[in-house]
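J.: sequence plus predicted model, see below.
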2 protein chains.
Amino acid sequence: MLLTTSAEENYLKAIFKISEKEPGPVLTNALAAAMGTSAASATDMLKRLSDKQLVAYEKYRGVTLTPEGDRLATSLIRKHRLWEVFLVDKLGFAWDEVHDFAEQLEHVQGDNLTDRLDEYLNHPRFDPHGDPIPDAQGRWIRRPQVRLTTLTPGQKGIVTGVDDHTSPFLQYLDELGIALGVAIELLDRTAYDQSSKVRIAGKEYTLSEKASQNLFLRLE
Amino acid sequence: MLLTTSAEENYLKAIFKISEKEPGPVLTNALAAAMGTSAASATDMLKRLSDKQLVAYEKYRGVTLTPEGDRLATSLIRKHRLWEVFLVDKLGFAWDEVHDFAEQLEHVQGDNLTDRLDEYLNHPRFDPHGDPIPDAQGRWIRRPQVRLTTLTPGQKGIVTGVDDHTSPFLQYLDELGIALGVAIELLDRTAYDQSSKVRIAGKEYTLSEKASQNLFLRLE
DNA sequence: AAATATTTTTAGACTTGTCTAAAAATAAAT
DNA sequence: ATTTATTTTTAGACAAGTCTAAAAATATTT
(Lines give C-alpha, C1' and ligand atoms only; values in the text may rest on other atoms or scores of the structure.)
Protein backbone atom coordinates (compact mmCIF):
# COMPACT_ATOMS: atom_id res chain seq x y z
CA MET A 1 0.00 0.00 0.00
CA LEU A 2 1.22 3.41 -0.98
CA LEU A 3 0.81 6.54 1.10
CA THR A 4 0.09 9.75 -0.69
CA THR A 5 -0.75 13.22 0.57
CA SER A 6 -3.54 15.35 -0.83
CA ALA A 7 -0.94 17.66 -2.38
CA GLU A 8 0.72 14.78 -4.21
CA GLU A 9 -2.63 13.51 -5.38
CA ASN A 10 -3.58 16.91 -6.76
CA TYR A 11 -0.38 17.05 -8.77
CA LEU A 12 -1.02 13.58 -10.17
CA LYS A 13 -4.49 14.61 -11.25
CA ALA A 14 -3.13 17.73 -12.91
CA ILE A 15 -0.52 15.72 -14.81
CA PHE A 16 -3.23 13.29 -15.89
CA LYS A 17 -5.50 16.05 -17.15
CA ILE A 18 -2.79 17.89 -19.03
CA SER A 19 -1.67 14.61 -20.63
CA GLU A 20 -5.24 14.02 -21.77
CA LYS A 21 -5.28 17.23 -23.77
CA GLU A 22 -1.72 17.29 -25.05
CA PRO A 23 0.15 14.07 -25.67
CA GLY A 24 3.75 13.72 -24.63
CA PRO A 25 5.50 14.63 -21.39
CA VAL A 26 3.99 17.37 -19.23
CA LEU A 27 6.32 20.37 -18.85
CA THR A 28 7.09 21.86 -15.48
CA ASN A 29 5.67 25.25 -16.37
CA ALA A 30 2.41 23.83 -17.62
CA LEU A 31 2.07 21.84 -14.42
CA ALA A 32 2.91 24.83 -12.25
CA ALA A 33 0.33 26.92 -14.10
CA ALA A 34 -2.33 24.24 -13.69
CA MET A 35 -1.58 24.02 -9.97
CA GLY A 36 -1.49 27.79 -9.52
CA THR A 37 2.00 27.56 -8.09
CA SER A 38 5.60 28.30 -9.07
CA ALA A 39 7.81 26.23 -11.34
CA ALA A 40 10.15 25.77 -8.39
CA SER A 41 7.41 24.17 -6.29
CA ALA A 42 6.42 21.93 -9.17
CA THR A 43 10.02 20.78 -9.57
CA ASP A 44 10.17 19.95 -5.86
CA MET A 45 6.99 17.93 -6.08
CA LEU A 46 8.11 16.09 -9.20
CA LYS A 47 11.15 14.86 -7.32
CA ARG A 48 8.93 13.56 -4.54
CA LEU A 49 6.54 11.86 -6.96
CA SER A 50 9.47 10.41 -8.85
CA ASP A 51 10.92 8.99 -5.61
CA LYS A 52 7.56 7.32 -5.03
CA GLN A 53 7.59 5.86 -8.56
CA LEU A 54 4.36 7.61 -9.43
CA VAL A 55 5.87 9.58 -12.31
CA ALA A 56 8.73 9.19 -14.76
CA TYR A 57 10.56 12.47 -14.53
CA GLU A 58 13.55 13.63 -16.52
CA LYS A 59 15.15 16.95 -15.72
CA TYR A 60 14.29 19.61 -18.26
CA ARG A 61 12.36 17.02 -20.31
CA GLY A 62 9.03 16.90 -18.50
CA VAL A 63 7.08 14.18 -16.73
CA THR A 64 4.71 11.31 -17.48
CA LEU A 65 2.68 9.12 -15.14
CA THR A 66 3.91 5.62 -14.40
CA PRO A 67 1.26 2.87 -14.56
CA GLU A 68 0.89 3.21 -10.79
CA GLY A 69 0.55 6.98 -11.05
CA ASP A 70 -2.00 6.61 -13.80
CA ARG A 71 -3.96 4.14 -11.73
CA LEU A 72 -3.96 6.51 -8.78
CA ALA A 73 -4.98 9.53 -10.84
CA THR A 74 -7.81 7.56 -12.43
CA SER A 75 -8.99 6.46 -9.02
CA LEU A 76 -9.01 10.09 -7.84
CA ILE A 77 -11.11 11.16 -10.80
CA ARG A 78 -13.42 8.25 -10.10
CA LYS A 79 -13.80 9.30 -6.49
CA HIS A 80 -14.27 12.96 -7.37
CA ARG A 81 -17.03 12.25 -9.86
CA LEU A 82 -18.82 9.70 -7.69
CA TRP A 83 -18.93 12.19 -4.84
CA GLU A 84 -20.30 14.80 -7.24
CA VAL A 85 -23.10 12.42 -8.17
CA PHE A 86 -23.81 11.91 -4.48
CA LEU A 87 -23.88 15.64 -3.77
CA VAL A 88 -26.25 16.38 -6.64
CA ASP A 89 -28.47 13.30 -6.69
CA LYS A 90 -28.70 12.65 -2.97
CA LEU A 91 -28.01 15.93 -1.20
CA GLY A 92 -29.68 18.12 -3.77
CA PHE A 93 -26.83 20.49 -4.59
CA ALA A 94 -26.76 22.27 -7.95
CA TRP A 95 -24.18 21.20 -10.52
CA ASP A 96 -22.18 24.37 -10.00
CA GLU A 97 -21.87 23.90 -6.23
CA VAL A 98 -20.20 20.54 -5.92
CA HIS A 99 -16.68 20.91 -7.23
CA ASP A 100 -15.03 22.22 -4.07
CA PHE A 101 -16.63 19.57 -1.89
CA ALA A 102 -15.64 16.79 -4.27
CA GLU A 103 -12.13 18.19 -4.35
CA GLN A 104 -11.88 17.40 -0.64
CA LEU A 105 -13.91 14.20 -0.60
CA GLU A 106 -11.78 12.59 -3.31
CA HIS A 107 -8.87 12.46 -0.85
CA VAL A 108 -10.67 10.44 1.79
CA GLN A 109 -8.78 7.18 2.12
CA GLY A 110 -9.80 3.71 3.16
CA ASP A 111 -10.89 0.32 1.92
CA ASN A 112 -14.07 -0.06 -0.01
CA LEU A 113 -15.46 3.41 0.50
CA THR A 114 -15.42 4.23 -3.20
CA ASP A 115 -16.87 0.94 -4.31
CA ARG A 116 -19.64 1.10 -1.71
CA LEU A 117 -20.45 4.62 -2.78
CA ASP A 118 -20.50 3.49 -6.41
CA GLU A 119 -22.83 0.65 -5.51
CA TYR A 120 -25.09 2.96 -3.49
CA LEU A 121 -25.33 5.38 -6.39
CA ASN A 122 -26.15 2.53 -8.75
CA HIS A 123 -22.90 2.58 -10.71
CA PRO A 124 -23.38 5.90 -12.46
CA ARG A 125 -21.34 6.19 -15.64
CA PHE A 126 -21.37 9.97 -15.90
CA ASP A 127 -21.13 12.74 -13.34
CA PRO A 128 -23.46 15.77 -13.09
CA HIS A 129 -21.41 17.59 -15.74
CA GLY A 130 -21.57 14.68 -18.15
CA ASP A 131 -17.99 13.56 -17.54
CA PRO A 132 -17.42 9.81 -17.60
CA ILE A 133 -16.74 7.97 -14.34
CA PRO A 134 -14.07 5.27 -14.61
CA ASP A 135 -15.16 1.92 -13.17
CA ALA A 136 -13.43 0.07 -10.33
CA GLN A 137 -10.90 -1.33 -12.80
CA GLY A 138 -10.11 2.12 -14.16
CA ARG A 139 -11.93 1.58 -17.44
CA TRP A 140 -13.51 4.59 -19.11
CA ILE A 141 -16.65 4.88 -21.16
CA ARG A 142 -16.06 7.55 -23.78
CA ARG A 143 -19.11 8.50 -25.75
CA PRO A 144 -18.98 10.37 -29.05
CA GLN A 145 -19.78 14.01 -28.53
CA VAL A 146 -19.08 17.22 -30.40
CA ARG A 147 -19.00 20.88 -29.52
CA LEU A 148 -21.92 23.07 -30.51
CA THR A 149 -19.44 25.06 -32.59
CA THR A 150 -18.97 22.09 -34.93
CA LEU A 151 -22.63 21.71 -35.87
CA THR A 152 -23.96 23.02 -39.16
CA PRO A 153 -27.22 24.98 -39.10
CA GLY A 154 -30.20 22.64 -39.10
CA GLN A 155 -28.46 19.95 -37.04
CA LYS A 156 -29.88 18.88 -33.69
CA GLY A 157 -28.20 17.42 -30.66
CA ILE A 158 -28.69 16.39 -27.05
CA VAL A 159 -26.56 18.08 -24.39
CA THR A 160 -24.13 15.50 -22.98
CA GLY A 161 -21.55 17.61 -21.20
CA VAL A 162 -19.78 20.90 -20.57
CA ASP A 163 -16.15 21.88 -20.98
CA ASP A 164 -16.32 24.72 -18.45
CA HIS A 165 -17.24 23.76 -14.89
CA THR A 166 -17.34 27.24 -13.38
CA SER A 167 -20.43 28.58 -11.65
CA PRO A 168 -20.99 31.54 -13.98
CA PHE A 169 -21.20 29.29 -17.02
CA LEU A 170 -23.28 26.59 -15.35
CA GLN A 171 -25.70 29.12 -13.86
CA TYR A 172 -26.00 30.78 -17.26
CA LEU A 173 -26.98 27.41 -18.70
CA ASP A 174 -29.52 27.01 -15.90
CA GLU A 175 -31.12 30.31 -16.90
CA LEU A 176 -31.43 29.16 -20.50
CA GLY A 177 -32.90 25.85 -19.43
CA ILE A 178 -29.85 23.99 -20.69
CA ALA A 179 -29.10 20.84 -18.73
CA LEU A 180 -27.79 17.38 -19.56
CA GLY A 181 -30.24 15.61 -21.85
CA VAL A 182 -31.81 18.78 -23.22
CA ALA A 183 -32.29 18.94 -27.01
CA ILE A 184 -30.75 21.84 -28.90
CA GLU A 185 -31.18 22.69 -32.57
CA LEU A 186 -28.68 24.97 -34.26
CA LEU A 187 -30.70 27.39 -36.36
CA ASP A 188 -27.98 29.64 -37.66
CA ARG A 189 -24.42 30.77 -37.03
CA THR A 190 -23.73 34.50 -37.17
CA ALA A 191 -20.86 35.14 -39.57
CA TYR A 192 -19.68 38.22 -37.73
CA ASP A 193 -18.92 36.74 -34.27
CA GLN A 194 -19.61 33.02 -34.74
CA SER A 195 -22.42 33.13 -32.21
CA SER A 196 -25.06 30.41 -32.41
CA LYS A 197 -28.78 30.91 -32.88
CA VAL A 198 -30.40 27.90 -31.26
CA ARG A 199 -33.81 26.51 -30.41
CA ILE A 200 -34.29 25.00 -26.95
CA ALA A 201 -37.68 23.69 -25.92
CA GLY A 202 -39.37 25.74 -28.59
CA LYS A 203 -37.73 29.04 -27.71
CA GLU A 204 -34.91 30.76 -29.57
CA TYR A 205 -31.70 31.98 -27.97
CA THR A 206 -28.32 33.27 -29.04
CA LEU A 207 -25.21 31.71 -27.58
CA SER A 208 -21.79 33.32 -27.88
CA GLU A 209 -18.98 31.42 -29.58
CA LYS A 210 -17.37 30.99 -26.16
CA ALA A 211 -20.49 29.39 -24.70
CA SER A 212 -21.00 27.26 -27.81
CA GLN A 213 -17.43 26.05 -27.56
CA ASN A 214 -18.07 24.77 -24.05
CA LEU A 215 -21.19 22.75 -24.82
CA PHE A 216 -20.88 19.10 -25.77
CA LEU A 217 -23.65 17.40 -27.73
CA ARG A 218 -24.54 13.99 -29.01
CA LEU A 219 -25.85 14.32 -32.54
CA GLU A 220 -29.38 13.13 -33.12
CA MET B 1 -14.91 33.08 8.69
CA LEU B 2 -12.15 31.23 10.46
CA LEU B 3 -9.68 28.90 8.82
CA THR B 4 -8.63 25.81 10.70
CA THR B 5 -6.47 22.86 9.74
CA SER B 6 -7.40 19.26 10.40
CA ALA B 7 -4.68 19.08 13.04
CA GLU B 8 -6.09 22.07 14.90
CA GLU B 9 -9.57 20.64 14.68
CA ASN B 10 -8.44 17.33 16.11
CA TYR B 11 -6.89 19.06 19.10
CA LEU B 12 -10.09 21.03 19.68
CA LYS B 13 -12.10 17.82 19.65
CA ALA B 14 -9.71 16.21 22.11
CA ILE B 15 -9.95 19.19 24.47
CA PHE B 16 -13.72 19.03 24.22
CA LYS B 17 -13.86 15.34 25.00
CA ILE B 18 -11.49 15.52 27.94
CA SER B 19 -13.46 18.47 29.34
CA GLU B 20 -16.62 16.40 29.11
CA LYS B 21 -15.21 13.74 31.42
CA GLU B 22 -13.24 15.89 33.81
CA PRO B 23 -14.35 19.41 34.60
CA GLY B 24 -11.83 22.23 34.79
CA PRO B 25 -8.94 23.12 32.50
CA VAL B 26 -7.39 20.38 30.37
CA LEU B 27 -3.75 19.77 31.24
CA THR B 28 -1.08 19.61 28.57
CA ASN B 29 -0.09 16.04 29.39
CA ALA B 30 -3.65 14.77 29.24
CA LEU B 31 -4.07 16.42 25.87
CA ALA B 32 -0.78 15.04 24.57
CA ALA B 33 -1.77 11.56 25.72
CA ALA B 34 -5.17 11.84 24.02
CA MET B 35 -3.52 12.97 20.80
CA GLY B 36 -0.83 10.31 20.96
CA THR B 37 1.86 12.95 20.79
CA SER B 38 4.40 14.66 23.04
CA ALA B 39 3.71 17.37 25.59
CA ALA B 40 6.00 19.65 23.59
CA SER B 41 3.84 19.28 20.48
CA ALA B 42 0.71 19.91 22.48
CA THR B 43 2.21 23.10 23.91
CA ASP B 44 3.06 24.28 20.39
CA MET B 45 -0.46 23.65 19.22
CA LEU B 46 -2.01 25.34 22.25
CA LYS B 47 -0.14 28.51 21.35
CA ARG B 48 -1.53 28.37 17.83
CA LEU B 49 -5.08 27.72 19.01
CA SER B 50 -4.72 30.49 21.56
CA ASP B 51 -3.59 32.91 18.84
CA LYS B 52 -6.72 32.00 16.92
CA GLN B 53 -8.87 32.62 20.01
CA LEU B 54 -10.17 29.08 19.98
CA VAL B 55 -8.86 28.26 23.45
CA ALA B 56 -8.06 30.14 26.62
CA TYR B 57 -4.60 28.96 27.52
CA GLU B 58 -2.53 29.81 30.55
CA LYS B 59 0.99 28.52 30.82
CA TYR B 60 1.29 25.64 33.27
CA ARG B 61 -2.40 26.03 34.16
CA GLY B 62 -4.08 24.19 31.32
CA VAL B 63 -6.56 25.10 28.64
CA THR B 64 -10.29 25.56 28.11
CA LEU B 65 -12.28 26.13 24.93
CA THR B 66 -13.53 29.62 24.16
CA PRO B 67 -17.17 29.87 23.03
CA GLU B 68 -15.89 29.86 19.43
CA GLY B 69 -13.68 26.83 20.10
CA ASP B 70 -16.58 25.05 21.75
CA ARG B 71 -18.83 25.84 18.82
CA LEU B 72 -16.24 24.48 16.40
CA ALA B 73 -15.62 21.30 18.40
CA THR B 74 -19.35 20.66 18.66
CA SER B 75 -19.71 21.13 14.92
CA LEU B 76 -16.91 18.62 14.31
CA ILE B 77 -18.60 16.05 16.51
CA ARG B 78 -21.85 16.72 14.68
CA LYS B 79 -20.18 16.18 11.33
CA HIS B 80 -18.34 13.07 12.49
CA ARG B 81 -21.49 11.43 13.78
CA LEU B 82 -23.66 12.39 10.82
CA TRP B 83 -21.09 10.87 8.45
CA GLU B 84 -21.09 7.72 10.58
CA VAL B 85 -24.85 7.48 10.18
CA PHE B 86 -24.42 7.88 6.44
CA LEU B 87 -21.74 5.21 6.25
CA VAL B 88 -23.79 2.68 8.23
CA ASP B 89 -27.35 3.46 7.11
CA LYS B 90 -26.67 4.29 3.47
CA LEU B 91 -23.42 2.58 2.49
CA GLY B 92 -23.96 -0.49 4.66
CA PHE B 93 -20.75 -0.43 6.69
CA ALA B 94 -20.65 -2.13 10.09
CA TRP B 95 -20.50 0.02 13.21
CA ASP B 96 -16.88 -0.91 13.83
CA GLU B 97 -15.73 0.14 10.33
CA VAL B 98 -16.76 3.75 10.15
CA HIS B 99 -14.61 5.65 12.61
CA ASP B 100 -11.57 6.21 10.41
CA PHE B 101 -13.66 7.38 7.49
CA ALA B 102 -15.66 9.77 9.64
CA GLU B 103 -12.41 11.05 11.11
CA GLN B 104 -11.52 12.29 7.62
CA LEU B 105 -14.98 13.31 6.47
CA GLU B 106 -15.56 15.54 9.49
CA HIS B 107 -12.87 17.90 8.18
CA VAL B 108 -14.52 18.55 4.84
CA GLN B 109 -15.31 22.25 4.72
CA GLY B 110 -17.96 24.25 2.93
CA ASP B 111 -21.34 25.86 3.28
CA ASN B 112 -24.38 23.75 3.93
CA LEU B 113 -22.82 20.34 3.46
CA THR B 114 -23.50 19.28 7.02
CA ASP B 115 -27.04 20.57 7.12
CA ARG B 116 -27.91 18.97 3.80
CA LEU B 117 -26.46 15.69 4.99
CA ASP B 118 -28.46 16.00 8.21
CA GLU B 119 -31.61 16.65 6.19
CA TYR B 120 -30.88 13.73 3.87
CA LEU B 121 -30.41 11.40 6.82
CA ASN B 122 -33.65 12.65 8.37
CA HIS B 123 -32.10 14.50 11.29
CA PRO B 124 -30.82 11.50 13.20
CA ARG B 125 -30.34 12.23 16.88
CA PHE B 126 -27.94 9.40 17.63
CA ASP B 127 -25.07 7.87 15.71
CA PRO B 128 -24.51 4.13 15.11
CA HIS B 129 -22.84 3.81 18.51
CA GLY B 130 -25.68 5.53 20.31
CA ASP B 131 -23.85 8.82 20.80
CA PRO B 132 -26.01 11.94 20.53
CA ILE B 133 -25.67 14.18 17.47
CA PRO B 134 -25.80 17.90 18.25
CA ASP B 135 -28.25 19.81 16.08
CA ALA B 136 -27.37 22.70 13.76
CA GLN B 137 -27.45 25.09 16.72
CA GLY B 138 -25.10 22.90 18.72
CA ARG B 139 -27.79 21.65 21.10
CA TRP B 140 -27.40 18.18 22.52
CA ILE B 141 -29.97 15.60 23.44
CA ARG B 142 -28.69 13.71 26.44
CA ARG B 143 -30.72 10.69 27.40
CA PRO B 144 -30.48 8.97 30.74
CA GLN B 145 -28.39 5.85 30.51
CA VAL B 146 -26.42 3.73 32.92
CA ARG B 147 -23.61 1.23 32.61
CA LEU B 148 -24.42 -2.47 32.88
CA THR B 149 -22.12 -2.54 35.92
CA THR B 150 -24.58 -0.35 37.85
CA LEU B 151 -27.60 -2.66 37.46
CA THR B 152 -28.68 -4.94 40.28
CA PRO B 153 -29.52 -8.55 39.41
CA GLY B 154 -33.06 -8.82 38.08
CA GLN B 155 -33.01 -5.43 36.38
CA LYS B 156 -33.55 -5.14 32.64
CA GLY B 157 -32.41 -2.55 30.16
CA ILE B 158 -32.21 -1.64 26.49
CA VAL B 159 -28.79 -1.11 24.95
CA THR B 160 -28.43 2.58 24.08
CA GLY B 161 -24.71 3.01 23.58
CA VAL B 162 -21.14 1.86 24.02
CA ASP B 163 -18.21 3.52 25.73
CA ASP B 164 -15.57 1.68 23.69
CA HIS B 165 -15.65 2.21 19.95
CA THR B 166 -12.88 -0.19 18.97
CA SER B 167 -13.46 -3.01 16.51
CA PRO B 168 -12.61 -5.86 18.90
CA PHE B 169 -15.27 -4.75 21.37
CA LEU B 170 -17.90 -3.94 18.75
CA GLN B 171 -17.33 -7.22 16.91
CA TYR B 172 -17.53 -9.08 20.19
CA LEU B 173 -20.92 -7.47 20.77
CA ASP B 174 -21.95 -8.50 17.24
CA GLU B 175 -21.13 -12.11 18.08
CA LEU B 176 -23.31 -11.95 21.19
CA GLY B 177 -26.15 -10.37 19.24
CA ILE B 178 -25.79 -7.14 21.19
CA ALA B 179 -26.74 -4.07 19.19
CA LEU B 180 -28.46 -0.78 19.93
CA GLY B 181 -32.03 -1.44 21.01
CA VAL B 182 -31.43 -4.98 22.22
CA ALA B 183 -32.91 -5.91 25.61
CA ILE B 184 -30.57 -7.26 28.29
CA GLU B 185 -31.49 -8.65 31.68
CA LEU B 186 -28.86 -8.85 34.40
CA LEU B 187 -29.30 -12.25 36.01
CA ASP B 188 -26.42 -12.24 38.42
CA ARG B 189 -23.09 -10.61 39.18
CA THR B 190 -20.19 -12.89 40.07
CA ALA B 191 -18.67 -11.76 43.35
CA TYR B 192 -15.18 -12.96 42.45
CA ASP B 193 -14.52 -10.92 39.23
CA GLN B 194 -17.61 -8.73 38.95
CA SER B 195 -18.57 -10.35 35.66
CA SER B 196 -22.22 -10.17 34.61
CA LYS B 197 -24.51 -13.07 33.88
CA VAL B 198 -27.05 -11.76 31.45
CA ARG B 199 -29.96 -12.93 29.32
CA ILE B 200 -30.14 -11.69 25.72
CA ALA B 201 -32.93 -12.87 23.45
CA GLY B 202 -33.57 -15.86 25.69
CA LYS B 203 -29.97 -17.03 25.86
CA GLU B 204 -27.56 -16.64 28.75
CA TYR B 205 -24.08 -15.16 28.49
CA THR B 206 -21.34 -13.99 30.78
CA LEU B 207 -19.83 -10.57 30.22
CA SER B 208 -16.57 -9.50 31.85
CA GLU B 209 -16.53 -6.47 34.12
CA LYS B 210 -14.64 -4.62 31.40
CA ALA B 211 -17.29 -5.35 28.78
CA SER B 212 -20.09 -4.54 31.23
CA GLN B 213 -18.46 -1.24 32.02
CA ASN B 214 -18.55 -0.26 28.35
CA LEU B 215 -22.22 -0.98 27.76
CA PHE B 216 -24.80 1.77 28.26
CA LEU B 217 -28.42 0.87 28.94
CA ARG B 218 -31.73 2.61 29.39
CA LEU B 219 -33.57 1.02 32.28
CA GLU B 220 -36.90 -0.53 31.47
C1' DA C 1 27.56 29.75 -34.27
C1' DA C 2 26.83 33.41 -31.08
C1' DA C 3 23.61 36.05 -28.72
C1' DT C 4 19.18 36.30 -26.69
C1' DA C 5 15.10 34.57 -24.67
C1' DT C 6 12.69 31.08 -22.30
C1' DT C 7 12.30 27.32 -19.29
C1' DT C 8 13.80 24.76 -15.53
C1' DT C 9 16.45 23.85 -11.57
C1' DT C 10 18.93 25.07 -7.43
C1' DA C 11 19.55 27.64 -3.19
C1' DG C 12 17.90 29.53 0.78
C1' DA C 13 14.02 30.82 3.55
C1' DC C 14 9.30 30.41 5.64
C1' DT C 15 5.11 27.80 7.91
C1' DT C 16 2.87 23.88 10.02
C1' DG C 17 3.31 20.17 12.70
C1' DT C 18 6.16 16.99 14.54
C1' DC C 19 10.26 15.17 17.44
C1' DT C 20 14.04 14.78 21.46
C1' DA C 21 16.60 16.73 25.02
C1' DA C 22 17.22 20.13 28.33
C1' DA C 23 15.51 23.88 31.25
C1' DA C 24 12.02 25.86 34.10
C1' DA C 25 7.99 25.82 36.80
C1' DT C 26 4.85 23.50 39.82
C1' DA C 27 3.57 19.89 43.08
C1' DA C 28 4.70 16.39 46.48
C1' DA C 29 7.46 14.53 50.11
C1' DT C 30 10.45 14.49 53.74
C1' DA D 1 11.52 24.62 54.16
C1' DT D 2 14.33 22.13 51.36
C1' DT D 3 14.78 18.27 48.51
C1' DT D 4 12.59 15.26 45.10
C1' DA D 5 9.41 14.20 41.59
C1' DT D 6 6.32 15.56 38.10
C1' DT D 7 4.62 18.51 34.66
C1' DT D 8 5.27 21.89 31.33
C1' DT D 9 7.83 24.84 28.45
C1' DT D 10 11.75 26.13 25.63
C1' DA D 11 15.32 25.18 22.30
C1' DG D 12 16.80 23.19 18.29
C1' DA D 13 16.01 19.98 14.58
C1' DC D 14 13.35 17.69 10.89
C1' DA D 15 9.84 16.84 6.81
C1' DA D 16 6.34 18.54 3.63
C1' DG D 17 5.09 22.04 0.90
C1' DT D 18 5.43 26.56 -0.30
C1' DC D 19 7.93 31.03 -1.78
C1' DT D 20 11.55 34.38 -4.26
C1' DA D 21 15.78 35.13 -6.44
C1' DA D 22 19.59 33.48 -8.83
C1' DA D 23 21.92 29.99 -11.64
C1' DA D 24 21.88 26.60 -15.21
C1' DA D 25 20.05 24.34 -19.12
C1' DT D 26 17.47 24.44 -23.32
C1' DA D 27 15.34 26.73 -27.24
C1' DT D 28 15.09 30.52 -30.46
C1' DT D 29 16.76 34.13 -33.18
C1' DT D 30 19.89 36.50 -35.88
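T.: Perfect, I can see it now.

J.: list the helices and strands the top helix by length along chain A packs on?
T.: When chain A is parsed with DSSP state H, its longest helix is helix A:67-85. With contacts taken as 3 or more C-beta pairs under 8 Å, 6 or more residues apart in numbering or on different chains; DSSP states H and E, helix A:67-85 sits against helix A:6-21, helix A:99-105, helix A:113-120. C-beta: built from backbone N, CA, C; applies to glycine.

J.: residues contacting the residue most central in space within chain A?
T.: Using C-alpha atoms, centre = their mean, the residue of chain A that lies closest to the mean C-alpha position is residue A:131, 5.8 Å off. Residue A:131 is in contact with A:81, A:161, counting by C-beta atoms under 8 Å, 6 or more residues apart in numbering or on different chains.

J.: so does the longest helix of chain A get close to DNA strand D?
T.: No - Helix A:67-85 is not in contact with DNA strand D by C-beta under 7 Å from any atom of the strand; minimum separation 13.8 Å.

J.: list the buried ones in that helix?
T.: Of all the residues in helix A:67-85, those buried under the rule 16 or more other C-beta atoms under 10 Å in any protein chain shown are A:69-85.

J.: how about the helices and strands packed on helix A:67-85 in a markdown table, adding mean pLDDT?
T.: Output for the helices and strands packed on helix A:67-85, formatted as a markdown table (pLDDT from 0 to 100):
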| stretch | mean pLDDT |
| --- | --- |
| helix A:6-21 | 96 |
| helix A:99-105 | 97 |
| helix A:113-120 | 98 |
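
J.: okay, the angle between the longest helix of chain A and helix A:6-21?
T.: Relative orientation of helix A:67-85 and helix A:6-21, computed by axes from the mean of the first three to the mean of the last three C-alpha atoms, to 10 degrees: 100 degrees.

J.: report the contact partners of the residue nearest to residue A:105 when sequence neighbours are not counted.
T.: In this structure, residue A:105 finds its nearest non-sequential neighbour in residue A:83, 4.1 Å apart by C-beta to C-beta, 6 or more residues apart in numbering or on different chains. Applying C-beta under 8 Å, 6+ apart to residue A:83 gives the contacts A:98, A:101, A:102, A:105, A:106, A:117.

J.: against residue A:112, how distant is residue A:83?
T.: Separation of residue A:83 from residue A:112 (C-beta to C-beta, to the nearest Å): 15 Å.

J.: what residues of the host helix or strand of residue A:186 count as buried?
T.: For residue A:186, the host element (DSSP states H and E) is strand A:183-189. By neighbour count with 16+ other C-beta under 10 Å, strand A:183-189 contains the buried residues A:184, A:185, A:186, A:189.

J.: helix or strand for residue A:44, which one?
T.: Per DSSP H and E: helix A:39-51 holds residue A:44.

J.: counting contacts, what elements does the helix or strand following that helix pack onto?
T.: Sequence order places strand A:55-58 as the next helix or strand after helix A:39-51, per DSSP H and E. Applying 3+ C-beta pairs under 8 Å, 6+ apart, we find strand A:55-58 packed against helix A:39-51, strand A:62-65.

J.: sorry, back to before: ok, and the most crowded of the contacts of residue A:83?
T.: Comparing the contacts of residue A:83 by number of neighbours (other C-beta atoms under 10 Å in any protein chain shown), residue A:98 comes first, having 26 neighbours.

J.: so that one sits against residue A:128, correct?
T.: Yes - using C-beta atoms under 8 Å, residue A:98 and residue A:128 qualify as a contacting pair, with a distance of 6.7 Å.

J.: list residues touching both of those two?
T.: A:84, A:87, A:88.

J.: mind putting those into CSV with pLDDT?
T.: Below are the shared contacts of residue A:98 and residue A:128 laid out as CSV (pLDDT from 0 to 100):
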residue, pLDDT
A:84, 98
A:87, 98
A:88, 98
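
J.: just name the closest of those residues to residue B:35, please.
T.: residue A:87 (31.4 Å; C-beta to C-beta).

J.: what residues are up against the closest one?
T.: Residues near residue A:87 by C-beta under 8 Å, 6+ apart: A:93, A:97, A:98, A:101, A:102, A:128.

J.: how about residue A:52?
T.: For residue A:52, the contact set (C-beta under 8 Å, 6+ apart) comprises A:2, A:4, A:8.

J.: so the second one: helix, strand or coil?
T.: In this case it means residue A:4. coil (DSSP: H, G, I helix; E, B strand; the rest coil).

J.: who's in contact with the closest residue to it other than its chain neighbours?
T.: In space, residue A:4 comes closest to residue A:72 once its chain neighbours are excluded; the distance is 6.8 Å by C-beta to C-beta, 6+ apart. Applying C-beta under 8 Å, 6+ apart, we find residue A:72 in contact with A:2, A:4, A:9, A:12, A:54.

J.: now the buried members of those.
T.: A:4, A:9, A:12, A:54.

J.: among the helices and strands packed on strand A:55-58, which is nearest DNA strand D?
T.: Closest to DNA strand D of the helices and strands packed on strand A:55-58 is helix A:39-51 (C-beta to the nearest atom of the strand; 3.2 Å).

J.: for residue A:76, give its distance to DNA strand D.
T.: 14 Å (C-beta to the nearest atom of the strand, to the nearest Å).

J.: for chain B, see how far away that residue is.
T.: Distance, residue A:76 to chain B, using C-beta to the nearest C-beta, to the nearest Å: 15 Å.

J.: and DNA strand D, which of the contacts of residue A:52 contact it?
T.: residue A:8.

J.: of all the contacts of residue A:52, which comes closest to DNA strand D?
T.: Among the contacts of residue A:52, and counting by C-beta to the nearest atom of the strand, the member closest to DNA strand D is residue A:8, at 5.2 Å.

J.: residues in contact with the closest residue to that closest one other than its chain neighbours?
T.: Distances taken as C-beta to C-beta, 6+ apart put residue A:49 closest to residue A:8, at 6.1 Å, once the chain neighbours are dropped. Applying C-beta under 8 Å, 6+ apart to residue A:49 gives the contacts A:8, A:11, A:12, A:55, A:57, A:63, A:69.

J.: change it to 7 Å
T.: Going by C-beta atoms under 7 Å, 6 or more residues apart in numbering or on different chains, residue A:49 touches A:8, A:11, A:12, A:55.

J.: surely residue A:127 meets residue A:88?
T.: No - Residue A:127 lies out of contact with residue A:88 (C-beta atoms under 7 Å); the separation is 8.3 Å.

J.: what about those two, which has more around it?
T.: More neighbours surround residue A:127 than the other of residue A:127 and residue A:88, with 25 against 18 (other C-beta under 10 Å).

J.: please tell me how far the more buried one sits from residue B:186.
T.: 53 Å.

J.: show me the contacts for residue A:129.
T.: A:95, A:161, A:162, A:165.

J.: so which of those is the closest to residue A:205?
T.: Nearest member of these to residue A:205, counting by C-beta to C-beta, is residue A:162, at 16.1 Å.
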